[in-house]
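[1] sequence and predicted structure below; questions after.
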Amino acid sequence: MLKSHLAAQLLNLLAAGLLLISFAMLSRRRTQRLITLFAWQGSILFLSTCLVAYDASLTELYYSAALTLIMKVITLPWILHRLMRRLGAQWDSEPLVNIPATMLVGLVLVIFAFGLAEPISMLATTITRHTIGIALAVILLSFLMMITRRKAVTVVIGFLAMENGLFFAATSATYGMPMVIELGIALDLLVAVFILGIFFFQIHEQFDSLDLHHLETLRED
Amino acid sequence: MDLLLVLGIPLLATLLLALPLTRRVGAELNAGMSFASFLAVSWLTLRVARGGPMLLWHEQFYVDPFNAFLVELTAFVGFTTAVFSRPYMRTEEHHGRLTPRRKRLYHSMYQLFMASMFVALLTNNMGLLWVAMEGATLSTVLLVSLFRTKASLEAAWKYFILCGVGIAQALFGTLLLYFAAEQTLGRQGMTALLWTHLYAVKADLEPTVLALAFVFLLVGYGTKVGLAPLHNWLPDAHAEGPAPVSAVLSGLLLNVALYAVIRCKVLVEGSIGSVLPGRILMGFGLLSALLGAFFLWRQRDIKRLFAYSSIEHMGIITFAFGLGGPIANFAALLHMTVHSLTKSSLFFTAGHAAQTAGTQRMDGIRGLAAINPAIGWSLMLGSIAILGMPPFGIFASEFLILTTAVHEHPWAAPLLLIALGVAFGGIFIKVQPMIFGDGRAPRLPHSPALLPVFVHLALALTLGIYIPPTLAACYNAAANLIG
Amino acid sequence: MRVLTFARQFGEVVLAIAIAPLFAGWIAQCRAWLQNRSAPPLTQTYRMLRKLFHKDAALAVDASPLFRTAPYVLFGTMVLAAAIIPSLATDLPFARAADAIALIGLFATARVFMSLAAMDIGTSFGTLGARREMMIGFLAEPALLMVLFNAFLLYGSTALPSLVDGYASHPSVIDPSVIFAAVAFVMVLLAENARVPIDNPATHLELTMIHEAMLLEYSARHLALIEWASSLKLFNYACIGFALFLPWGIAIHGADGASALLIAVTALIVKLALAGAALALIESVSAKLRIFRAPEFLAMAFLLAVLGLLVHLLLGVSTHA
C-alpha cells in the first residue's frame, strides 16, 4: 500500500504547502498576487497528484495531474491575467479588508475542518488520508475568501481555489474521481471561467469597475 | 436510440441556433426543436410506462417512474415555454431591450439548458448528475443577465456565485458518496457512482460518511432548490431574467434540483437506517414555506412575488418528501407536477402583464381585466390555482400533505397551515388590484401567447379532478421507491 | 578536555563577532546586485566600523550615564546570545543556558536598553523610534514564542542544542508544521532586525524609520558598537533559524573531532551565504509596509505559527505513528 514512508511525508508537506497558500491568499490585498498564488496552488496540486499516482501506480491519475497542469497552472491564470490587463484592473487591491480577523476566522475553520474530516480519515485506505482535513480546510478557506472580498476577480479566484480544494480532496480520499467525471468537471470549470470573463466585461461596462458594492442594490423592499 | 434522440435533439438545436443563419427563424426553430424533443421524450416515457425501468448505455442512464414523469414534464414545459417566448421576445425586441445577437444567445442557451436538464434527470451516474446540474446553472447565467441592465447583472452574478458555491458543496458530497461506494463496491471506476449499484448495496454503505455526504449534498443541491437560508439568489434571478427564463427556472430547474436531493436521500436513508434525513428535509421545507409566505407580503415586483411563492411551494414539497410514506410522497410528486405547470403559466402571464404596463412594479400594473381581458383573467385563474383553491391540482396535493402531517406530525400541521394562509392573503391582496380597477395602456405590438397559459391551467385543473391511471401508477411506483 | 570545550566556545564567539558584519555586508551586496546598483565591497561594514572607532565621540549635554552605557550593554547581550546559540556545535559549556525562551529574554533586555537610551536625550525622533520599536517587539515576541513551541512539539524541548540533537536522531521526519513555523520565523526575523517590509535600514525618512530613529544621537564608538550589535543580532537570528529549521552540519553532541568542526564552519558559511541572498531577495521584492500595517504583518506571523501548531497536532501525530 505504501511504497515509502517518504512519499507520505512529502505528501503531507505538499498538503501543508497548500494550506499555507490558502492563508497567503487570505492575507493578500492585491488581486494580481492572488492569481500568482492560485497558479502556485495549482502546481502543488499537480505535484501531489503526480506523487500519489506514482505511489499508488495509477496511470489514470497521471492524466488528471496533466489536466490540472494544463487547466489550473497554465490556462486559467493566463486567462485571468489577460482579463485583468484588458479590463485595466491590474492594480486592483482591497485596502479595507481586516486581514488579521479574517485569518483568525480561518484558523477556527481549519480546526472545524479537521474535526469534520476525522471520521473520513479513519475509514480511508489511501496513503493520503490524513490530508483530507487539509483539503476540507482549503475549501472552507476559499469560501471565506469569497465571502470577505469585494472585488469580482477575487471572488472568482476564491471560487477556483475552492475547486482546487475539492480536487485535492478527491485525490486524497479516493485517488481521484472517475476520469469521465473529472473531465466533465474540468469542462464545467472552463465554461464557468469563460462565462465569468464575459460577465466581467458586462459588469465593467455597466459600472466602470469590478467592485462588488455596485452589485448590492437588490434588496427586499 | 430514443435516448440518443432525447439528448441529441436539444444539443443539435443548441448548435443550430448558435449559427447566424438561423437568426430569422430562431424562435420558430426553437419551438420546433422543443416539440421534437417533447415527442422523443414522450416516446421514451411511454416505453418506460409499458415496460418498467430500464438501463441504457452501459448503465450510465436509467429511466424509472420517478424520473420518467419528471422528464416528460420538463420536455412539455420546455416546449410550451418555447412557444410562449416567441411573441414575448419579439415584444421585448420591439421595446429595444434585446438585440438579435442576444436573442440568438437566448435560443441557443435555452436548448443547452434543456439538454443539461435531460441529462441530469436521466443519468444514473451521480457524478454526471453533478456535471449536468452545473451545466444547467452555467447555461442560464447569461440568460438571467440577458437584458444587461444593472439589476439583471447583479442578479446573474448572485445566481452564479451562490449556486457555484452551493454546487461545489454538492461536489464534495458526491465525492464522499464515491468514497463510501469504493469502500463497499471496491475500486471499479465509473460504476461506483451509479445510482442503481449504490441502491443495491445501500444498507452496506458506511453510515457516518453517508450522513456527512447528505449534509453537503443537501446544502449543495438545496441551494438550487431555493431552500430557506440558501434562497437568496432565487428572487433576484427570477425577477430580473426574461419571463420565459423565470418560467423554466421556477417550473423546471427547481424540480430537477429537488429530484437530485431526493435521489440522494433514498441512498442515505437506506444506509443510516434512520429517519434523520427525512427530518432534516422537513425542517428545511417548513422553514422555506414559512419564510416564502411571509416575504410575499413585502414584495412590490410581480415576478419577485411569484418567486417567493416558488420558495414557499418548494418548501411544501420538500416537507412532504421529508414526511415520507406512500401518501405524502404521492402528494409531493403531484405537487411538483402541478406547481410546475401553474407557476410557469403565472410567469408567462406576469411577463405579458409587465410588458403591457411597461413596468414590473405591481403598483404600476392596474386594471388588466379592462386593458387586456385575456391577460387579466389568466392571471386571476393562475393565482387561484397557485393558492390551492379547489378544484385545481394544488388543492388536492396540499390537502393530502396536510392530512398526512396531521396524522404523523401534528406539531407541523399548524405551521404549514399558517404558511398557506399567509401566502393566500399575500398573493390575493396583491393580485386583486392588478386585475380589477381602471387602467389604460397601449396595445402590445405582438399579440400575447396565451395558449400555453390556458393549456397549463387546464392540465392543472384536470389533475385536480382526475389523475390518469398511467400517471397515478407512475406516482405510486416512484412514491414506493422514495419510501 | 574541559579546556578544549572552552576553547571551542571561545572560538565560536570570536567567529560570530568577526563574521557578523560580513553577513550584513553580504546582504547589502546582494541587494545592490538585485537592484542593479554597483555593490559596495564586502568589507564595507568593517571599514565603517573602523572609521567610527577612530572618531571622537560627541555626546548630547543632557545625556545620562544610561545613554553612554547602553551601547556596551547592547553589544554585551548580543555577544552572550551568540555564545549560547549553537551555531557550530551543541556540546558547549554555555549551551546549558541556551533555552530559546531565555534567548528571547536576552533580546528583550537589549531592546529595553536601546529604547531607554533613545528616549534619554529627549528628542522627538528618539522617542518616536523607541515607541515604534517597543510596539514591534511586543508583537514579534509572541509570534516567536509560538514558533518555538512548534519546535518544542517536534522534539520535546525548547533548548536549542537538544533540538539540534533531536533532529539528528531522527532526520527523516519532515513535519508539515515546520513550513508554517519557518515562514512565521522569517517574518519575525524581518521585523525584529529592521528589515524591509517593516523598516528600511538604508533610509532616514522620518515618517517610516524605526531603528535609525533611535540611533540619531549616537556617534563614533557608541554608534560603531550599536551597528556591530545590530549585525550580531541579525547573525544570531539567522543562527536560531538554522538551529530550528536547517540543523544540518552542526557538530552534535559527542562529535567533537576537528573534522566535525570544520564541516560545521563550512556549513555555517554556506547557509549564511544562501540565507543572506534569500533575505536580500525578499527585501528587494517586497514593498515597505506603512507603519500601521506592521501589526497586521506580525499578527499574520503569529497566526501562521499557531497554524503550524494545529497542523502538527491534527496531522503530524500520525506521521510519527
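    Here it is on my side, so go on.

[2] quick check: the residue of chain B nearest chain C.
    residue B:212 (17.5 Å; C-beta to the nearest C-beta). Where you see a C-beta, it was placed from the backbone N, CA and C, and this is true even at glycine.

[3] how many residues are close by the nearest residue to that residue once chain neighbours are set aside?
    Leaving aside its chain neighbours, residue B:212 sits nearest to residue B:176 (5.8 Å; criterion: C-beta to C-beta, 6 or more residues apart in numbering or on different chains). Neighbour count of residue B:176, defined by other C-beta atoms under 10 Å in any protein chain shown: 26.

[4] I figured residue B:176 hits residue B:220, correct?
    No - assessed by C-beta atoms under 8 Å, residue B:176 is found out of contact with residue B:220, at 11.3 Å.

[5] rewinding a little: in a helix, the residue nearest to residue B:212, correct?
    Yes - assessed with DSSP: H, G, I helix; E, B strand; the rest coil, residue B:176 lies in a helix.

[6] look up how far residue B:170 lies from it.
    Taking C-beta to C-beta, to the nearest Å as the measure, residue B:176 falls 11 Å from residue B:170.

[7] distance from the chain centre to the strand or helix carrying residue B:254, please.
    Element membership of residue B:254, judged by DSSP states H and E, is helix B:254-272. A distance of 16 Å separates the centroid of the chain from that of helix B:254-272, by C-alpha atoms, centre = their mean, to the nearest Å.

[8] need the pLDDT of residue B:146.
    pLDDT, residue B:146: 90.

[9] from what I can see it touches residue B:102, true?
    Yes - shown here, residue B:146 and residue B:102 form a contact pair, counting by C-beta under 8 Å, at 5.8 Å.

[10] who has more neighbours out of those two?
    residue B:146 (24 against 20).

[11] could you measure from the more buried one over to chain A?
    11 Å (C-beta to the nearest C-beta, to the nearest Å).

[12] got any ranges where chain A has weak pLDDT?
    Judged by pLDDT under 70, chain A has its weakly predicted residues at A:1-4, A:125-129, A:219-221.

[13] center of it - which residue?
    The centre of chain A sits closest to residue A:161, judged by C-alpha atoms, centre = their mean, with a distance of 1.6 Å.

[14] which residue is the nearest non-sequential neighbour of that one?
    Leaving aside its sequence neighbours, residue A:161 sits nearest to residue A:142 (C-beta to C-beta, 6+ apart; 3.9 Å).

[15] who are the neighbours in contact with the spatially most central residue of chain B?
    With distances taken as C-alpha atoms, centre = their mean, residue B:252 lies nearest the centre of chain B, 2.8 Å away. Shown in contact with residue B:252 (C-beta atoms under 8 Å, 6 or more residues apart in numbering or on different chains): B:73-74, B:77-78, B:117, B:340, B:344.

[16] equivalent analysis for residue B:277, please.
    Contacts of residue B:277 by C-beta under 8 Å, 6+ apart are B:214, B:218, B:265, B:268-269, B:322.

[17] repeat that for residue C:160.
    So residue C:160 contacts C:84-86, C:90, C:95, C:98-100, C:103, C:240, C:243-244 (C-beta under 8 Å, 6+ apart).

[18] so which bits of the lengthiest helix in chain A are buried?
    Once chain A is assigned using DSSP state H, the helix that runs over the most residues is helix A:179-207. Buried positions in helix A:179-207, judged by neighbour count with 16 or more other C-beta atoms under 10 Å in any protein chain shown: A:180-182, A:184-186, A:188-189, A:192-193, A:195-197, A:199-200, A:202-204, A:206-207.

[19] same list, these, but only the ones touching chain B.
    Residues of the buried residues of helix A:179-207 in contact with chain B (C-beta under 8 Å from any C-beta of the partner chain): A:180-181, A:184-185, A:188, A:192, A:195-196, A:199, A:202-203, A:206-207.

[20] nearest to residue B:90, out of these: which one, please.
    Using C-beta to C-beta, residue A:202 comes nearest to residue B:90 of these, at 23.6 Å.

[21] what's the spacing between the closest one and residue B:246?
    Residue A:202 is 20 Å from residue B:246, by C-beta to C-beta.

[22] let's test this: mean pLDDT of stretch B:208-217, rounded?
    pLDDT averaged over stretch B:208-217 gives 90.

[23] mind saving the C-alpha coords of that stretch as PDB?
    What follows is stretch B:208-217, C-alpha atoms only, in PDB (Å, rounded to 0.1, in the frame of the first residue of the first chain):
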ATOM      1  CA  THR B 208     -21.100   8.200   9.000                       C
ATOM      2  CA  VAL B 209     -19.700   9.000   5.600                       C
ATOM      3  CA  LEU B 210     -23.200   9.000   4.000                       C
ATOM      4  CA  ALA B 211     -24.600  11.200   6.700                       C
ATOM      5  CA  LEU B 212     -21.800  13.700   6.100                       C
ATOM      6  CA  ALA B 213     -22.300  13.400   2.400                       C
ATOM      7  CA  PHE B 214     -26.000  14.000   2.700                       C
ATOM      8  CA  VAL B 215     -25.400  17.300   4.600                       C
ATOM      9  CA  PHE B 216     -23.100  18.500   1.800                       C
ATOM     10  CA  LEU B 217     -25.400  17.300  -1.000                       C
END
